[in-house]
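>>> Sequence first, then the predicted structure, then my questions.
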Amino acid sequence: QKEVEQNSGPLSVPEGAIASLNCTYSDRGSQSFFWYRQYSGKSPELIMFIYSNGDKEDGRFTAQLNKASQYVSLLIRDSQPSDSATYLCAVTGGYQKVTFGIGTKLQVIP
Amino acid sequence: GAGVSQSPSNKVTEKGKDVELRCDPISGHTALYWYRQSLGQGLEFLIYFQGNSAPDKSGLPSDRFSAERTGGSVSTLTIQRTQQEDSAVYLCASSLGTKNIQYFGAGTRLSVL
């Protein structure tokens, strides 16, 4: 059973639209939730983290967490072609191992 | 250095040879992770260290793979008798504390001929 699930995509959105990326996790004890962006041929880089239920906004990015539903999402407003990348959801509980999803490939069409 | 450093950046080896990959984490980071990523695939967890001990080695694909960490700092991933299916990018990440925000190195691209 996969511990962190994501749709691999590709998710295609037109430039300027909102991209919505989703992730579910199985461990109810999870405490920390992350979104990483990985450009082709590059290493993952952290773009958002969230620890509490609700929304967290940073510029064009909003992370949403619902622990009761074991669901994390990332919204990207005003999507740009430069946002085209694979977005990895990651989950951990304190000092435990970080578990990554397979990643969702996002394509922003000019 | 300011970030996670991995060496070599590229390694080409012949099938059957042993290779060592090195990771130098961010100074003070207590946790260190090794991942493998094949072309077009997701991150495959290999092993992680908390200090010098490895609470979870469950991702190591076979007994040809081993890793160690000394002094709570540098880690070495060793692959013995390399096979073509070992060809991938090997990524290292380090983190500090319970928030566990991971910072990745640039990776080592391993090619087994």
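Looks like it arrived, so ask away. Treat the numbers as computed from the prediction; the structure is a model and nothing was measured.
>>> For the rest of this, base every contact and every neighbour count on C-alpha atoms.
Will do.
>>> A:P44 against A:Q38, yeah?
Yes: between A:P44 and A:Q38 there is a contact under Cα atoms under 8 Å: 4.4 Å.
>>> Report the set of residues contacting both of those two.
With contacts taken as Cα atoms under 8 Å, 6 or more residues apart in numbering or on different chains, A:P44 and A:Q38 have A:L88 as neighbours in common.
>>> Any idea what B:N10 is bridged to?
B:R109 (DSSP bridges).
>>> try the one 10 residues further on
The residues listed as beta-bridge partners of B:E20 by DSSP bridges are B:T78.
>>> and what of B:L91?
In this entry, B:L91 is beta-bridged to B:Y35, by DSSP bridges.
>>> For burial, what's the neighbour tally of it?
25 (other Cα atoms under 10 Å in any protein chain shown).
>>> Which SSE is immediately downstream of the helix or strand of chain A with the lowest mean pLDDT?
Within chain A, no helix or strand scores below strand A:99-100, which has a mean of 90 by mean pLDDT, DSSP states H and E. For strand A:99-100, the following helix or strand on the C-terminal side (DSSP states H and E) is strand A:104-109.
>>> that older thread, report the distance from the least confident helix or strand of chain A to the chain centre.
11 Å (Cα atoms, centre = their mean, to the nearest Å).
>>> Provide the strand pairings for that strand, with the direction of each partner.
strand A:85-92 (antiparallel).
>>> Identify the residues contacting the partner strand?
Residues outside strand A:85-92 that contact it (Cα under 8 Å, 6+ apart): A:4, A:6, A:21, A:23, A:25, A:30-40, A:44, A:98-107, B:100.
>>> now with 7 Å?
Here strand A:85-92 makes contact (Cα atoms under 7 Å, 6 or more residues apart in numbering or on different chains) with A:23, A:30-40, A:98-107.
>>> Please put the alpha-carbon coordinates of that strand into CSV.
Presented in CSV, the C-alpha positions along strand A:85-92 are these (Å, rounded to 0.1, in the frame of the first residue of the first chain):
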residue,chain,number,x,y,z
ALA,A,85,7.8,20.9,-13.4
THR,A,86,7.1,17.8,-11.3
TYR,A,87,5.6,18.6,-7.9
LEU,A,88,6.4,16.1,-5.1
CYS,A,89,4.3,15.8,-2.0
ALA,A,90,6.2,14.6,1.1
VAL,A,91,5.0,13.6,4.5
THR,A,92,6.7,12.9,7.8
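>>> Tell me the spacing between B:K17 and chain A.
Distance, B:K17 to chain A, by Cα to the nearest Cα, to the nearest Å: 26 Å.
>>> hang on, the earlier thing: buried subset of the contacts of strand A:85-92, written for PyMOL?
This is how PyMOL selects the buried members of these, with burial counted by 16 or more other Cα atoms under 10 Å in any protein chain shown:
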select buried, chain A and resi 23+30+31+32+33+34+35+36+37+38+98+99+100+101+102+103+104+105+106+107
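>>> Now do the buried residues in stretch B:85-98.
Buried, per 16+ other Cα under 10 Å, within stretch B:85-98: B:86-96.
>>> can you give me the end-to-end distance of it?
Terminal residues of stretch B:85-98 lie 34 Å apart, using Cα to Cα, to the nearest Å.
>>> now swap in stretch A:47-64 and tell me
The first residue of stretch A:47-64 is 13 Å away from its last residue (Cα to Cα).
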